[in-house]
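[1] next one to model:
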Amino acid sequence: MIQPSLLIKQRFILCFLLALIIVTIVIGLCLGYSSLSYDRLIPTLLGQGTFKEEFVLFSLRLPRIIITLLAGMALALSGAILQGITRNDLADPGIIGINSGAGVAVTVFFLFFPIDSGSFVYMLPLVAFIGALLTAILIYLFAYSKTEGLQPVRLVLIGVGFSMALSGAMIVLISSAERAKVDFIAKWLAGNIWGTDWPFIWALLPWLIVLLPFTLYKANRLNLLSLSEPVAIGVGVSIEKERIVLLITAVALAASAVSVTGGITFIGLMAPHIAKALVGPRNQLFIPIAILIGGWLLVFADTIGRNIMGSSGIPAGIMVALIGAPYFMYLLFKK
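    Numbering: from 1, shown residues only. As a prediction, this is how the structure comes out:
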């Protein structure tokens, strides 16, 4: 049974995060190369703005911010699942190679397959999912031992190795490609938010609509998987079956996100940790908070990144890494 005081605390934090996200979105909508004044924001949203104001808001800023929000939520949820099923606080889809697997699949699809502009947007998450799933299966097989089960530290080390190998494979793939395609892949690797049109939102949103409630439904299973294997087996949990189902869920969430945002890491590492520090390790409590923290982190990083260093800005992936890399080192030394 969850203590009523914890539920009250969770709801207060959720309300605070929602308010923080709204404030950050408002600031992000008004800041940029073509600024939009705050007093014109609501009239423009209601369709009473000039052509320039409506173009900046509805064609440039709003879809980009919605995409970063959804992608941050998906990455945070993916990280929370991975940390639960592996019992490893360092697990993150970017760190253990899942994002790189999705990246290689997207690169191969982009470079070597005929692309129909109408279906390209909707095919990307599926292609990324296939690449990420194959990578996750290989990492899982290498990290699993028949005598000792899944080795959490070994999983991270093997994942890092896969990530480096796949990044090298991606460089080999693009070495002979034409300049325009190389530029796209380079931006993808840096975590530059490139899917900034409304169709990308409709390509990403269904994955979250299906998988977010499913993960919350499985929250109690995640609680049991975070215990030792004998305890989980003793209460009747089919460990391998639950791990595989939840691993596929985590891979799908990460792949759908990075297919439109590029190689974003550390969101899935930081958001669950911050949420656990606030309300404890119970999945029913911290997962909703982690989702909002992940969404806010990516929106915040992208807003800062695109408003410094001139019109080109800094990719959101680099901004997140500047925050996340020191945090990763802190956790590594702590554990």
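[2] dump the helix or strand where Gly317 lies to CSV, keeping only the CA atoms.
    Here Gly317 sits within helix 316-334, counting by DSSP states H and E. These are the backbone C-alpha positions of helix 316-334, laid out as CSV (Å, rounded to 0.1, in the frame of the first residue of the first chain):
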residue,chain,number,x,y,z
ALA,A,316,20.1,19.4,-28.2
GLY,A,317,22.0,16.1,-27.9
ILE,A,318,25.2,18.0,-27.1
MET,A,319,23.4,20.3,-24.5
VAL,A,320,22.0,17.2,-22.8
ALA,A,321,25.4,15.5,-22.8
LEU,A,322,27.0,18.5,-21.2
ILE,A,323,24.6,18.0,-18.3
GLY,A,324,24.4,14.3,-18.3
ALA,A,325,28.0,13.2,-18.7
PRO,A,326,29.1,14.6,-15.3
TYR,A,327,26.0,13.0,-13.7
PHE,A,328,26.9,9.7,-15.3
MET,A,329,30.5,9.9,-13.9
TYR,A,330,29.1,10.7,-10.5
LEU,A,331,26.8,7.6,-10.6
LEU,A,332,29.7,5.5,-11.9
PHE,A,333,32.0,6.4,-9.0
LYS,A,334,29.1,6.2,-6.5
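[3] quick one: mean pLDDT over the helix or strand containing Ala257.
    Taking DSSP H and E as the criterion, Ala257 maps to helix 239-261. Helix 239-261 shows a mean pLDDT of 87.
[4] after that helix comes which helix or strand?
    That would be, after helix 239-261 and using DSSP H and E, helix 267-279.
[5] which other helices and strands contact that next one?
    helix 4-30, helix 62-86, helix 283-305, helix 316-334 (3 or more C-beta pairs under 8 Å, 6 or more residues apart in numbering; DSSP states H and E). From N, CA and C alone the C-beta is placed, and that goes for glycine too.
[6] and the helix holding Gly317 with helix 62-86, angle?
    In terms of direction (axes from the mean of the first three to the mean of the last three C-alpha atoms, to 10 degrees), helix 316-334 departs from helix 62-86 by 20 degrees.
[7] for helix 316-334, the distance to its chain's centre please.
    Computed by C-alpha atoms, centre = their mean, to the nearest Å, the separation of helix 316-334 from the middle of its chain amounts to 15 Å.
[8] what comes up buried for it?
    By 16 or more other C-beta atoms under 10 Å, the buried positions in helix 316-334 come out as Ala316, Gly317, Met319, Val320, Ala321, Gly324, Phe328.
[9] likewise for stretch 277-286?
    Those would be Leu278, Val279, Arg282, Asn283, Gln284, Leu285, Phe286, for stretch 277-286 by 16+ other C-beta under 10 Å.
[10] helices and strands around the helix holding Ala257, which ones?
    Checking 3+ C-beta pairs under 8 Å, 6+ apart, helix 239-261 ends up next to helix 62-86, helix 98-112, helix 117-143, helix 198-217, helix 219-225, helix 229-234.
[11] which of those sits most buried?
    helix 62-86 (a mean of 27; mean count of other C-beta atoms under 10 Å).
[12] Leu225 versus the nearest residue to Asn283 once chain neighbours are set aside, what's the distance?
    Leaving aside its chain neighbours, Asn283 sits nearest to Ala219 (4.0 Å; criterion: C-beta to C-beta, 6 or more residues apart in numbering). Counting by C-beta to C-beta, to the nearest Å, the gap from Ala219 to Leu225 is 11 Å.
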